[in-house]
Each structure stands twice: as C-alpha cells, then as structure tokens.
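> Dropping the sequence and predicted coords here.
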Amino acid sequence: MARILIADDDELIAELASEVLIDAGHACGWVTTAAEAWACVQRKRPDILLLDQSMPGESGLTLLRRLRISAEFYDLPVIMFTAVNGEQDHLQAIYAGAQDFLSKPFDPLFLTSRVNRLIKQRGMRPRHVDLREAVAGDSLRVMPAMPARRVL
C-alpha cells in the first residue's frame with residue numbers, strides 16, 4: 001500500500017482517480033491547488049504525487065521544479081497528470097523531473113498499473129536520506145587502522 005496525493009483542479013477527475021487508487025489498495029487523498037499540494041507534502045510526505053500539469057495559480061510544472069530543487073523532496077516520485085496530449089507537454093514534464101506522464105481522461109486499469117509499476121521500481125531504492133546527517137555520521141565512524149607499509 002502506498003500513500004498517494006493527487007493535485008488536480010478538476011475535482012471530478014481527482015475524486016475518480018482517488019477512488020480507483022483506493023480500490024486498488026492504496027491510501028489516497030486529493031487537493032485542488034499547487035499551494036495545497038505543497039502544504040500536504042510538507043506535513044506528510046506521500047509515496048507518490050499525481051500532479052496536474054496546468055492548474056490555476058501555480059502550475060504543476062512549477063511545483064514539480066520546486067520539488068526537484070528542494071533538499072527534502074528532490075526524490076519524491078511524481079506522475080504528471082494532464083488533459084494536454086501534445087508531445088511537447090510530455091517532454092516538458094519528463095525534463096522537469098516527472099517519472100511518468102498520464103493523459104486525461106484516463107483508463108482506471110492503466111492508472112493503477114502505472115502507479116504499481118512506479119512503486120515496484122522505487123521498492124528497492126532507499127527513501128530520502130538527509131545528506132548532512134549522513135556526512136556527519138560518516139565523520140564519526142572510526143576507520144580500522146591500516147598496517148604501515150614501507151616504500152623504498
């Protein structure tokens with residue numbers, strides 16, 4: 001079971017996607033703006049963010065870029081979710097750092113399979129590691145003494 005957040009200004013689509021993912025066994029919720037999505041992500045990090053590419057106010061692409069430059073959320077898996085079907089939009093989403101791209105309207109089985117595939121891909125990878133703590137921990141680790149060698 002994964003925790004999934006959907007950010008989409010179309011409440012009908014967001015609710016439908018949420019129901020499909022809940023029926024597939026995931027915990028899922030949705031918000032209608034990028035600002036609400038950012039606030040939710042900061043409160044409780046989801047396993048996957050399903051993000052609408054174009055929302056009023058801050059766009060999904062802008063939020064995705066903010067996530068990618070964030071020290072805490074740079075590795076959050078994002079599936080871009082949009083009604084725009086152009087090749088250029090797909091490339092923009094991938095270039096901005098999305099792991100996948102889904103067009104609306106969506107096929108429920110296709111949505112579920114893409115989410116499950118992403119979960120499976122991420123399964124073996126470690127979750128976010130705070131680099132400052134990791135480096136500080138390494139500096140405290142004592143290295144075993146190396147035998148002295150004599151060079152002639």
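Happy to help now that I have it.

> Please count neighbours and contacts with C-alpha atoms only from this point.
OK.

> Would you map the helices across this structure?
According to DSSP state H, the chain carries its helices in the segments 11-23, 34-43, 60-69, 87-96, 108-123, 131-140.

> Give me the residues contacting the second one.
Translated: helix 34-43. Contacting residues not belonging to helix 34-43 are listed as L5, I6, A7, V31, M55, G57, E58, S59, G60, L63 [Cα atoms under 8 Å, 6 or more residues apart in numbering].

> quick one: which of those sit in strands?
Applying DSSP state E to these, the entries found in strands are L5, I6, A7, V31.

> Tell me the one of the residues you listed nearest F110?
F110 has its nearest neighbour among the ones in strands among the contacts of helix 34-43 in I6, at 16.0 Å by Cα to Cα.

> beta partners for the closest one?
Beta-bridge partners of I6, counted by DSSP bridges, are W30, L50.

> Now do the contacts for it.
A14, A17, S18, C28, G29, W30, V31, A37, L49, L50, L51.

> same check, this time on L64
Applying Cα under 8 Å, 6+ apart to L64 gives the contacts V78, A96, G97, A98.

> show me where pLDDT drops low in the protein?
Residues of the chain that meet the criterion pLDDT under 70 lie in 84-86, 124-132, 134-135, 137-152.

> Quick check: the gap between the spatially most central residue of it and L51.
By Cα atoms, centre = their mean, the mean C-alpha position of the chain lies nearest to P77, the distance being 2.3 Å. Relative to L51, P77 is positioned 10 Å away (Cα to Cα, to the nearest Å).
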